[in-house]
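1. any chance you could fold what I've pasted below:
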Amino acid sequence: MLAIQGLTASRGGVQVLRDVDLTIAPGRFTALIGPNGSGKSTLMAAMAGMLPVDSGRLLLDGKPLAALSRRGMAQALSFLPQHLNAPAGLTLRELVVQGRFPWRGWLSAWSPRDEAAVEKAVSLSRVGALMDRPLASLSGGQLQRAWIAMTLAQDTPVILLDEPTTFLDVASQLSLLDLLSQLRDDGRTIVAILHDLNQAARYADDLVMMRDGRVVAQGPSGTIFTTANLEQVFSIRAHMVTSPATGEQICVASSAGDVDA
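-> Next up is the predicted model:
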């Protein structure tokens, strides 16, 4: 279980998060949603231990995250940020292998466990045909899948992803979300920032709606995905329709007010 208690955090001297309380249930897929500037990426960076906080506590299974070593943190959770720079000169294979660093000592040999983790990550992310390609030669979507493969190779119980569907076409977005659901079914805890509201509601077990650095609503998707919450968080007027294919509720926006840029 990942718990955030009274969290306040700043970036560039500006307070972004204000007294955030949030519990991420283990073995579930949680989606963070909200308008631009609502604090989603800042919250995720704090959860990943990548951002110092002003006040509050972050706990993993009841223990302070700050007490973990960098290696211990990397063995407990993996984090795929929104903005990444591909290391110059690396092939896709060399990038994916880096996901195993938290599990290997400085002088330890490459092990069967390492090889199995990389092979599984490559298979799940569908990058096998690209393994010997230089990262510089990959398209945006291919590179995104390469980073996802590296994240999966880290083989952690908690996976944090900041806008993982960026650069992916619709078919690839759905394939990735299916993969995250599969990982959840295998017992992983998944937390992802998503911008497509209907994708978030369809795939996530739980939704966390944010606005102005605060959590406005959180809970099971079927309970939280309502017209009232969407209007409060996104300043949109919407109505729900039932998908004839799946029977799920779909948000159809009819108008928008002043949404934060």
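2. all the strands of the stretch 101-250 of the chain, in order from the start?
-> 158-162, 189-193, 206-211, 214-220, 236-242, 249-256 (DSSP state E, counting those that start in this stretch).
3. where among these is the average confidence lowest?
-> Sorting the strands of the stretch 101-250 of the chain by mean pLDDT places strand 249-256 lowest, at a mean of 77.
4. okay, the angle between that one and strand 236-242?
-> Relative orientation of strand 249-256 versus strand 236-242 (axes from the mean of the first three to the mean of the last three C-alpha atoms, to 10 degrees): 150 degrees.
5. tell me which other helices or strands strand 249-256 touches.
-> helix 197-203, helix 227-234, strand 236-242 (3 or more C-beta pairs under 8 Å, 6 or more residues apart in numbering; DSSP states H and E). The way it works is simple: take the backbone N, C-alpha and C, and place the C-beta from them, glycine included.
6. please identify which of the ones you listed is closest to residue 17.
-> helix 227-234 (15.6 Å; C-beta to C-beta).
7. the closest one: how far from the chain's middle?
-> 22 Å (C-alpha atoms, centre = their mean, to the nearest Å).
8. show me where pLDDT drops low in the stretch 1-150 of the chain?
-> 106-107 (pLDDT under 70).
9. repeat the analysis, applying 90 as the threshold.
-> 1, 12-13, 49-50, 52, 61-63, 65-71, 82-89, 103-111, 139-141, 144 (pLDDT under 90).
10. just the helices from it, written as ranges.
-> 40-47, 70-76, 92-97, 112-125, 140-153 (DSSP state H, counting those that start in this stretch).
11. I'd like those helices laid out as a markdown table, including mean neighbour count.
-> Output for the helices of the stretch 1-150 of the chain, formatted as a markdown table (neighbours: other C-beta atoms under 10 Å):
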| stretch | mean neighbour count |
| --- | --- |
| helix 40-47 | 23 |
| helix 70-76 | 15 |
| helix 92-97 | 21 |
| helix 112-125 | 16 |
| helix 140-153 | 22 |
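12. perfect, I'm done here.
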